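1. here are the coordinates; sequence isn't available:
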């Protein structure tokens with residue numbers, strides 16, 4: 001109902017106004033009777049209408065004025081009582097009336113435009129107000145969400161105004177600082193003094209430029225400790241006001257971790273720079289990106305020459321080798337690959353491991369040349385030891401056979417034989433002697449030969465062999481001797497040393513068929529200072545190195561590991577037995593040292609005897625021997641399980657004038673000792689059947705007859721028996737084969753009252 005009433009009022013008011021305007025205009029026009037009055041009346045009505053913001057009044061006034069003009073015009077033509085006016089006045093009056101109407105119309109149109117603009121302005125104002133109200137609500141909602149988000153962040157978050165005041169700070173600010181700062185200056189008081197000016201400057205620059213700014217500084221917490229934080233501040237403009245949302249991230253632990261990682265990295269780099277092993281890093285294209293000094297040494301090039309190159313580019317021969325395949329395996333499997341590679345460019349054995357890395361590959365290299373040489377030496381020693389044990393085992397049986405052969409040949413020498421038979425006997429004796437020499441060489445290699453070491457001067461030994469060496473080497477080989485002064489003595493068997501040097505010289509001669517140069521030199525070396533000595537795996541100490549160097553054809557690398565094996569030779573068939581170097585090696589090893597070789601094809605060879613040095617010893621005075629009576633005619637108990645050997649020895653003893661009682665086993669011999677008190681001496685073999693050895697027989701015999709001499713004879717060497725614990729104290733020994741003369745000398749010594757000792761063939 002309210003809306004129709006309002007519409008009715010809007011209609012009634014303009015009608016009333018039009019009527020009122022019509023009446024007023026008419027009355028004024030009649031009263032004044034002059035056009036100017038009409039104009040004034042119109043103007044007043046228009047002004048009044050505009051002042052009251054009533055457009056309908058203006059329109060009504062204009063309409064009333066038109067009606068008034070028409071009415072006045074009718075009255076003027078019908079009334080006789082009207083005042084007389086001129087035509088000019090009448091025209092002027094009407095012009096003013098028309099002008100008034102025009103003015104009123106113009107003013108009405110202008111007022112209509114003004115009212116439209118005012119209405120639009122009011123509409124825009126109302127829309128802006130609504131929009132502002134919505135924006136304000138959204139901002140409040142956004143601020144609420146932002147504040148809630150800031151409170152949920154464990155790190156300090158605050159809102160700083162341009163004047164430095166803090167409009168907001170979350171609880172983490174108070175929790176960390178222990179205070180609630182309201183201004184930048186209070187905040188700066190918590191910054192470490194050394195960082196404060198820098199933080200203030202960074203903040204002022206960011207605020208002035210209204211840009212994002214950040215800094216890193218140490219802030220004091222509630223406990224008074226400083227911890228490093230990274231502060232980030234971003235500007236936000238609200239209602240024409242710029243504020244900065246700021247946050248502080250504690251990076252103290254991260255910084256400590258980074259510093260620890262950096263220290264660890266520096267330590268690792270320092271370690272890599274110091275170690276002798278090689279470490280290289282390669283990218284996915286196998287180009288070297290890092291190389292340590294150890295790798296430069298192993299690879300034989302400096303750092304700049306290695307970086308940014310592949311190994312195949314640096315060493316073309318590696319293409320298609322196991323090293324290249326190792327990289328392919330790492331790519332295929334994702335696991336490390338290991339190999340031992342012989343580097344031709346450096347003549348080294350290199351242990352290499354290629355491992356995957358995020359940037360490509362990591363290579364670890366170790367020079368294992370010395371290690372492989374040591375392993376080769378140990379393997380060779382083990383192999384030679386095995387061969388030596390085999391050799392020592394068969395030496396016993398061969399010596400028994402040679403004893404029979406040599407004894408038989410010696411027995412035939414006493415008979416009057418025809419010429420051809422005597423010649424045959426001599427050949428048999430020579431063959432037996434050569435066989436015995438061969439066995440001795442084998443035993444020398446096996447380090448089982450009997451030695452008689454004594455302090456020996458290398459200078460005297462080499463000089464004393466001079467004439468023999470000159471005759472052996474001939475005129476086409478020049479010999480140079482270089483012996484260091486004040487060399488210590490070595491404790492060796494002089495005869496075996498001479499034989500070893502002679503063997504080395506003969507090998508050198510055979511390596512120089514067209515002549516050449518032979519150098520014999522001796523130097524003092526120590527395992528503590530000489531890496532080459534340490535590589536030989538010798539006990540720590542001082543050694544005299546006696547070297548024989550030739551300028552011959554040299555030896556191929558693949559032959560070096562077998563060089564000291566018995567019966568192995570590089571000489572043509574029929575020109576060598578393969579026992580010379582084996583015997584020298586056995587002698588050196590048995591003397592506490594070793595034999596080493598350095599050789600390459602076309603570069604000659606150097607064989608070095610390394611013998612332990614000893615202090616000089618005073619010469620012992622020669623022993624004086626009292627005359628002793630002849631032992632011939634005494635009774636000898638001969639204990640030997642081999643019938644052939646027993647028969648030959650019985651014949652030899654009988655030929656020497658002894659009475660022989662024979663036994664084939666130890667129990668049988670003990671029974672004879674009980675029955676025959678006239679037995680003056682026992683000759684026994686060691687290895688015998690029946691469950692009792694020669695050593696046990698001797699012990700039982702001396703239990704009842706302590707002064708009874710016992711002579712042990714065996715195809716084993718004295719060294720082997722001592723090592724096995726078979727040769728007891730006070731037991732004499734004679735190695736098979738031996739001559740009747742050697743046997744006689746030993747019996748004469750024992751039965752003549754000499755203290756027990758050892759005699760060898």
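-> On my side now, so go ahead. Please read these numbers as outputs of a predicted model, since none were measured by experiment.

2. Let's verify residue 737: helix, strand, or coil?
-> When classified by DSSP: H, G, I helix; E, B strand; the rest coil, residue 737 comes out as coil.

3. From what I see, it and residue 434 are in contact.
-> No: here residue 737 lies out of contact with residue 434, judged by CB atoms under 8 Å, at a distance of 11.7 Å. Any C-beta I mention is one placed from the backbone N, CA and C, and that applies to glycine too.

4. Would you mind listing the buried residues in stretch 506-522?
-> Neighbour counts over stretch 506-522 (16 or more other CB atoms under 10 Å) mark 507-512, 516, 518-522 as buried.

5. For that stretch, measure first residue to last.
-> Terminal residues of stretch 506-522 lie 18 Å apart, using CA to CA, to the nearest Å.

6. could you point out which element follows the lengthiest strand in the chain?
-> Taking DSSP state E as the criterion, the chain has its longest strand at strand 226-238. Downstream of strand 226-238, the next assigned helix or strand under DSSP states H and E is strand 241-250.

7. Strand partners (parallel or antiparallel) of that following strand?
-> Paired with strand 241-250 in the same sheet, following DSSP bridges, are strand 157-161 (antiparallel), strand 226-238 (antiparallel).

8. In a markdown table, list these along with mean neighbour count, distance to residue 659 and mean pLDDT.
-> Shown next, in a markdown table, are the strands paired with strand 241-250 (neighbours: other CB atoms under 10 Å; distance: least, CB to CB, whole Å; pLDDT from 0 to 100):
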| stretch | mean neighbour count | distance to residue 659 | mean pLDDT |
| --- | --- | --- | --- |
| strand 157-161 | 21 | 123 | 86 |
| strand 226-238 | 16 | 109 | 88 |
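
9. Make CSV out of the ones you listed and add distance to residue 116.
-> Output for the strands paired with strand 241-250, formatted as CSV (distance: least, CB to CB, whole Å):
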stretch, distance to residue 116
strand 157-161, 44
strand 226-238, 36
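
10. between those, which one is nearest to residue 187?
-> Closest to residue 187 of those, according to CB to CB: strand 157-161, at 8.0 Å.

11. Contacts for the closest one next, please.
-> For strand 157-161, contacts defined as CB atoms under 8 Å, 6 or more residues apart in numbering pick out 150, 166-170, 172-173, 184, 233, 241, 243-247.

12. Please indicate which of those are buried?
-> Using 16+ other CB under 10 Å as the threshold, 150, 166, 168-170, 172-173, 184, 233, 243-247 are the buried ones among these.

13. Would you map the helices across the stretch 651-761 of the chain?
-> 666-675, 694-704, 718-724, 740-751 (DSSP state H, counting those that start in this stretch).

14. Which helix or strand contains residue 422?
-> Using DSSP H and E, residue 422 falls in helix 419-445.

15. Mind giving me the packing neighbours of that helix?
-> Counting by 3 or more CB pairs under 8 Å, 6 or more residues apart in numbering; DSSP states H and E, the packing neighbours recorded for helix 419-445 are helix 369-412, helix 580-590.

16. Next, the angle helix 580-590 makes with that helix.
-> Angle of helix 419-445 versus helix 580-590, following axes from the mean of the first three to the mean of the last three CA atoms, to 10 degrees, is 50 degrees.

17. buried set for the helix or strand following helix 419-445?
-> As assigned by DSSP H and E, the chain's next helix or strand after helix 419-445 is strand 454-456. Of the residues in strand 454-456, 455-456 count as buried by neighbour count, 16+ other CB under 10 Å.

18. Does strand 454-456 pack against any helices or strands, and if so which?
-> Using 3+ CB pairs under 8 Å, 6+ apart: strand 454-456 touches strand 489-492, helix 494-511.

19. what would these look like in a markdown table with distance to residue 225 and mean pLDDT?
-> Output for the helices and strands packed on strand 454-456, formatted as a markdown table (distance: least, CB to CB, whole Å; pLDDT from 0 to 100):
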| stretch | distance to residue 225 | mean pLDDT |
| --- | --- | --- |
| strand 489-492 | 74 | 90 |
| helix 494-511 | 79 | 86 |
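
20. what's the most buried one of those?
-> Comparing these by mean neighbour count (mean count of other CB atoms under 10 Å), strand 489-492 ranks first with a mean of 23.

21. quick one: contacts of it?
-> Contacts for strand 489-492 (CB under 8 Å, 6+ apart): 451, 453-458, 497, 544, 587, 591-592, 611-617.

22. Measure how buried the spatially closest residue to residue 710 that is not a sequence neighbour is and give me the count.
-> Spatial nearest neighbour of residue 710, excluding adjacent residues (CB to CB, 6 or more residues apart in numbering): residue 698 at 4.3 Å. Residue 698 has 25 neighbouring residues, counting by other CB atoms under 10 Å.

23. so how far is residue 686 from residue 698?
-> 10 Å (CB to CB, to the nearest Å).

24. Can you pull the residues that touch both of those two?
-> Going by CB under 8 Å, 6+ apart, residues that sit against residue 698 and also against residue 686 are residue 712.

25. can I get the helices and strands packed on strand 454-456 in CSV with distance to residue 362?
-> Shown next, in CSV, are those (distance: least, CB to CB, whole Å):
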stretch, distance to residue 362
strand 489-492, 50
helix 494-511, 46
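
26. Give me the distance between residue 746 and residue 739.
-> With the distance defined as CB to CB, residue 746 ends up 11 Å from residue 739.

27. tell me the average confidence for stretch 674-691?
-> The average pLDDT for stretch 674-691 rounds to 85.
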